[in-house]
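K.L.:
generate a structure from the sequence data that follows.
(chains A and B)
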Amino acid sequence: TQLLEQSPQFLSIQEGENLTVYCNSSSVFSSLQWYRQEPGEGPVLLVTVVTGGEVKKLKRLTFQFGDARKDSSLHITAAQPGDTGLYLCAGFEYNTDKLIFGTGTRLQVFP
Amino acid sequence: DTAVSQTPKYLVTQMGNDKSIKCEQNLGHDTMYWYKQDSKKFLKIMFSYNNKELIINETVPNRFSPKSPDKAHLNLHINSLELGDSAVYFCASSDLLELFFGEGSRLTVL
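P.N.:
I've put the predicted structure just below:
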C-alpha cells in the first residue's frame, strides 16, 4: 500500500494568516482528493484533482496536483476560525482503486 | 435523512467480548467501506464491498468479519476484542468519485 505523508502535522495560526499544507508520496496516483474532518464527524470531500499540474480553487482554498501526480498542496488564504479541522489528502491507487488517506494535518485558527 | 448512518455511535466493552457495528446507506451506491481511525487520526482502510461482494481485505485480523446482507448495508463484527482495537470506525459508501462517510463509531476496549 502506498503512503501519503502530510506536513505539517499540526498548525496553529491567527485569523487572517495564510497557510499551505503539503501531501507527498513516492508513488503516482490516478487522482487525489482533499477531505476535511470536524470533531465527531466523518471526513467530507473538498476537491478532486485528476490531471498533473491541475489547480482548483474553492473560495479561499487553492488545491494543486503535482506535475508527476505524486504530491499535492492545499493553500488557504486569510484563514478563518471556521477553517479549523483535520485536513486529509487521499489518493486513488492505480491498480486497485483503493483510496489511501494521508497522515493528516490538524489546523487550528484562532480569532 | 442521513446518507450514511452507523450504530452505535459509542461502544465501551471489556477485552475478550464480541461486538458489532451496523452501517446503512441510502445513496444507492454499490460500494461500501470500513475504515479505522486511530488516536493519531490516521484513517486506514479495512474492507471494501461492491454489491455485497468483498473486494478489498486489507490484512485485517480474522477477528474482524464484515457482512453485507444487501448493497445498502455493511456490518462489522469483531470477536475477542483487544485493547488495540480501540479506535473510531468509519463506514463509507462511494459512487467511485467520492466517499461519503458516516459519523463514526467510537469503540473503547477496557
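K.L.:
grab the nearest non-local neighbour of A:N18.
P.N.:
Among residues not flanking A:N18 along the chain, A:T77 sits closest, at 5.3 Å (CB to CB, 6 or more residues apart in numbering or on different chains). To be clear about C-beta, it is placed using only N, CA and C from the backbone, and glycine gets the same treatment.
K.L.:
same question for B:R63.
P.N.:
Leaving aside its sequence neighbours, B:R63 sits nearest to B:N79 (CB to CB, 6+ apart; 4.6 Å).
K.L.:
tell me who's in contact with that neighbour.
P.N.:
By CB atoms under 8 Å, 6 or more residues apart in numbering or on different chains, the contact list for B:N79 reads B:D18, B:R63, B:F64, B:S65.
K.L.:
now, those residues that are in strands?
P.N.:
B:F64, B:S65 (DSSP state E).
K.L.:
mind checking which of the contacts of B:N79 are buried?
P.N.:
B:F64 (16 or more other CB atoms under 10 Å in any protein chain shown).
K.L.:
now distance to A:S72 and pLDDT too, for the contacts of B:N79, in CSV please.
P.N.:
Shown next, in CSV, are the contacts of B:N79 (distance: CB to CB, whole Å; pLDDT from 0 to 100):
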residue, distance to A:S72, pLDDT
B:D18, 41, 97
B:R63, 35, 95
B:F64, 31, 95
B:S65, 35, 94
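K.L.:
report the buried residues of whichever strand or helix holds A:R106.
P.N.:
Assigned by DSSP states H and E, A:R106 belongs to strand A:105-110. For strand A:105-110, burial by neighbour count (16+ other CB under 10 Å) applies to A:T105, A:R106, A:L107, A:V109.
K.L.:
wait, the second one touches B:F42, no?
P.N.:
To tie it back to what came earlier, the one meant is A:R106. No - contact between A:R106 and B:F42 fails when scored by CB atoms under 8 Å: they sit 11.9 Å apart.
K.L.:
residue contacts, the residue nearest to A:S26 when sequence neighbours are not counted?
P.N.:
Spatially, and ignoring its direct neighbours in sequence, A:S26 is nearest to A:K70 (6.7 Å; CB to CB, 6+ apart). Each residue near A:K70 by CB under 8 Å, 6+ apart is listed here: A:N24, A:S25, A:S26, A:S27, A:V28, A:F29.
K.L.:
next one: A:T84
P.N.:
A:E38, A:L107, A:Q108, A:V109.
K.L.:
what count of nearby residues applies to the spatially closest residue to the second one that is not a sequence neighbour?
P.N.:
Ranked by CB to CB, 6+ apart and with sequence neighbours excluded, the top spatial neighbour of A:L107 is A:L11, at 5.0 Å. Residues near A:L11, counting by other CB atoms under 10 Å in any protein chain shown, number 18.
K.L.:
backbone dihedrals for A:G82, please?
P.N.:
The phi/psi pair for A:G82 (degrees, to the nearest 10) reads phi -70, psi -10.
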